[in-house]
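**Q** Fold the following for me, if possible:
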Amino acid sequence: MIITMKDGSTREINEVKSIIEFVKGIDKQLEKDACAAEMNGEIVDLRTMITSDCSLNILTFMDPEGRAAFRHTAAHILAQAVKRLYPDTKLAIGPAIHDGFYYDFEFNFDFTIEHLEALDVEMRKIINEALKLHRFSLSREAAFKLMEEKNEPYKTELIRDLPVTAEISFYEQGDYVDLCSGPHLISTKSIKAIKLMTIAGAYWRGNEKNKMLTRIYGTAFPRKSDLEKYLLQLEEARRRDHRKVGMEMGLFTIMEEGPGFPFFLPKGVILKNLLIDYWRKIHETEGYIEIETPVILNRKLWETSGHWEHYRENMYTTIIDEEEYAIKPMNCPGGMLYYKSSPHSYKEFPIRIGELGLVHRHEKSGVLHGLMRARCFTQDDAHIFMTEDQVTDEIKGVIRLIDKVYSKFGFKYHVELSTRPVNSIGSDEDWEIATNGLVQALNELNMNYIINEGDGAFYGPKIDFHLEDSIGRTWQCGTIQLDFQLPLRFQAEYTGYDGRKHRPIMIHRVVFGSIERFLGILIEHYAGRFPLWLAPVQIKILPLSDRFIEYSESVMIRLKVSGYRCEIDKRDEKIGYKIREAQLDKIPYMIIIGQKEKEYDTLSVRNLEKGGLGEMNFSEFNKLLQEENTF
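**A** Numbers count the residues shown, from 1 in each chain. Reported below is the predicted structural model:
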């Protein structure tokens, strides 16, 4: 049997053996690090037998799929610990998630965070026992019987909902058995660092009509040093939390009267407007026109667009003149109405239309998170109408624009290509053309990308941009979606060079994602210490006493005339206190005004990052600022 490895090399085996046995024979370190495998494009367990020629990629913790298998095993260790300490507990589900894992349980007592310590101890015992994990399958009848004997009603329900033809598999480790499709690690001993983080309530299957369960969150790593690094990152993230920093800096707040609906305070409005000004400047340069469409539109529009069928549960509705209307969750249908409001010719293409549209989405209260997950936000949409032969160039132009913006803020990023989902609309041919258009643009720009199977929009494939912030976290922001369907549903047309009517192709794209969410990311990325051009207050003038307020005001007038945002701290406080307060407010520059500065018409300048910069005249200071204060 010929096995083709990821690097293109081949190996030959003469007998049937498991993947882990095969790995053992080629690389001892890889055997130790292996978590799962990809065989012929499918993610499989290391226990899977090699019975014929195949392609094989061994997955470690460094691979997303390997990491998922690792942490899924950690979730089983948690569940085994729970069953050992609290045998009457009912098991629900326990998947791996982005930064760890969770498991949902039904306890017969009030489980609190104080119980986590005992579970931590028991999990370490299970790890030290080096229990082998064994996979086995049962018939539907035998699977029901096993779960009923163990009194696991949630597992029984899961079995009942499986397709009749589905394999029903289980994993066993010591005295613990769980319904699971895997894959999993070979042994519990591979989990070198594990920690339970917190608990929360979670409805069974996410349905608020079902029973509330207890969800225990945890994380796991192959090395203790990785866990320590992660915990330090969490601590740093808490320090940078945009809700905390935003409140301290007077940027925004969330009121009891409007959960999920942010209130922007004066400094926050300045910050938001600066982002919008920057957005408008770069889009004007790139040949976009800007429109504004209504917030409320008739139900018929949303039926035509497909949102009523595919997105209804996230939409707010109202009745006007005995007809049903919806508050827009997206700007696209309004953009289509604008396009159709006048005839178009191929000579106008590409038409690039931008909109900063306020949208509303019905998010459940449990997922709301400051500016990151809100119920209303300003989406920086753009819709590009074009011919088929313009697709690749327009996508490349959007990618370059997004790259320019992210580079401005110092973000690294990676790209994912999301393909056709199950509940999609449109023909196979359209989806193939659309997907190939995105792939071609990425390839021509020599961009690395990950394929995210089945995660496209219901109307077309998309490219997503995932930012990496200053402490290594990733955020999905920009997106490019290629759409053949909306122009078809709205019967949009243009006159071609042949004088006939044709259907345009449409790109949906955002750069920030939403202004509010991008602001939240920026607050945490910079920890509130914004670059000069983005700081709500750029300069704080600190007079040593009331005798120097008049001169301080004359300095402020000159600074404002030069276009800077500045304030005077007129409080009767010592200068050291004023400086500390300005630093806590994260003001980029401070000017200290005393007798010498007044007498010689100079400025004593301090920088938030560099400290004291010494004496300068106004022209010198202005030149220093100009070098930093640019879009």
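
**Q** C-alpha from now on. contacts and neighbour counts both.
**A** OK.

**Q** Which neighbouring elements make contact with the helix or strand of the chain with the lowest mean pLDDT?
**A** Between all helices and strands in the chain, the lowest mean by mean pLDDT, DSSP states H and E belongs to strand 10-12, at a mean of 82. Where contact means 3 or more C-alpha pairs under 8 Å, 6 or more residues apart in numbering; DSSP states H and E, strand 10-12 is packed against strand 2-5.

**Q** Show me what the strand it packs on pairs with in its sheet, parallel or antiparallel.
**A** strand 10-12 (antiparallel), strand 54-59 (parallel) (DSSP bridges).

**Q** if we can go back for a sec, after the least confident helix or strand of the chain comes which helix or strand?
**A** strand 17-18 (DSSP states H and E).

**Q** Could you list the domains of this protein?
**A** With domains defined by automatic domain parsing, the chain comprises 2-60, 65-227, 248-294+329-526, 532-628.

**Q** So which of the ones you listed is nearest E235?
**A** domain 248-294+329-526 (10.7 Å; C-alpha to C-alpha).

**Q** Quick one: mean pLDDT for that closest one?
**A** Mean pLDDT, domain 248-294+329-526: 91.

**Q** Tell me how far that domain lies from the chain's centre.
**A** 14 Å (C-alpha atoms, centre = their mean, to the nearest Å).

**Q** so what secondary structure elements neighbour the helix or strand A202 falls within?
**A** For A202, the host element (DSSP H and E) is strand 193-203. Secondary-structure packing of strand 193-203 (3+ C-alpha pairs under 8 Å, 6+ apart): helix 116-128, strand 212-221, helix 224-240.

**Q** Using TSV, please lay out the domains of the chain together with mean neighbour count.
**A** Formatted as TSV, those follow (neighbours: other C-alpha atoms under 10 Å):
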stretch	mean neighbour count
domain 2-60	16
domain 65-227	18
domain 248-294+329-526	18
domain 532-628	17
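
**Q** can you put those in CSV and add distance to L234?
**A** Output for the domains of the chain, formatted as CSV (distance: least, C-alpha to C-alpha, whole Å):
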stretch, distance to L234
domain 2-60, 24
domain 65-227, 10
domain 248-294+329-526, 9
domain 532-628, 22
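
**Q** and of those, who's closest to E323?
**A** domain 248-294+329-526 (16.6 Å).

**Q** closest one to Q233 among the domains of the chain?
**A** domain 248-294+329-526 (6.7 Å).

**Q** Span of that closest one from start to end?
**A** End-to-end span of domain 248-294+329-526 (C-alpha to C-alpha, to the nearest Å): 14 Å.

**Q** Could you look up the SS state of I353?
**A** strand (DSSP: H, G, I helix; E, B strand; the rest coil).

**Q** Report the contact partners of it.
**A** Y288, I289, E290, I291, G335, A382, H383, I384 (C-alpha atoms under 8 Å, 6 or more residues apart in numbering).

**Q** Among the residues you listed, which lie within strands?
**A** I289, E290, A382, H383, I384 (DSSP state E).

**Q** Tell me the one among those residues nearest to Q440.
**A** Using C-alpha to C-alpha, these come closest to Q440 at I384, 17.9 Å.

**Q** can I assume the closest one is in contact with E355?
**A** No - with contacts counted by C-alpha atoms under 8 Å, I384 stays clear of E355, the gap being 11.5 Å.

**Q** L438 and R517, how far apart?
**A** Applying C-alpha to C-alpha to L438 and R517 gives a distance of 26 Å.

**Q** hmm, who's touching stretch 146-165?
**A** K90, L91, A92, R140, A143, F144, I168, L179.

**Q** So of those, which two are at opposite extremes in space?
**A** K90 and R140 (20.4 Å).

**Q** longest helix anywhere in the chain?
**A** helix 64-85 (DSSP state H).

**Q** what distance separates that helix from the centre of its chain?
**A** Distance, centroid of helix 64-85 to centroid of chain: 24 Å (C-alpha atoms, centre = their mean).

**Q** Tell me what angle it forms with strand 212-221.
**A** Per axes from the mean of the first three to the mean of the last three C-alpha atoms, to 10 degrees, the angle that helix 64-85 makes with strand 212-221 is 120 degrees.

**Q** And the average pLDDT for helix 64-85 is what?
**A** Here the average pLDDT along helix 64-85 is 96.

**Q** Determine the set of other helices and strands touching it.
**A** strand 36-39, strand 96-97, strand 100-106, helix 116-128, strand 212-221.

**Q** Settle this for me: I270 is touching L519, isn't it.
**A** No - using C-alpha under 8 Å, I270 makes no contact with L519, being 11.6 Å away.

**Q** residues contacting the closest residue to H76 other than its chain neighbours?
**A** Spatially, and ignoring its direct neighbours in sequence, H76 is nearest to G94 (7.3 Å; C-alpha to C-alpha, 6 or more residues apart in numbering). Applying C-alpha under 8 Å, 6+ apart, we find G94 in contact with H72, A75, H76, F101, Y102, Y103, D104.

**Q** Including distance to R240, could the residues you listed go into TSV?
**A** Formatted as TSV, the contacts of G94 follow (distance: C-alpha to C-alpha, whole Å):
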residue	distance to R240
H72	29
A75	29
H76	33
F101	24
Y102	25
Y103	28
D104	29
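
**Q** Tell me the one of the residues you listed nearest G563?
**A** F101 (50.1 Å).

**Q** Fine by me, we can end here.
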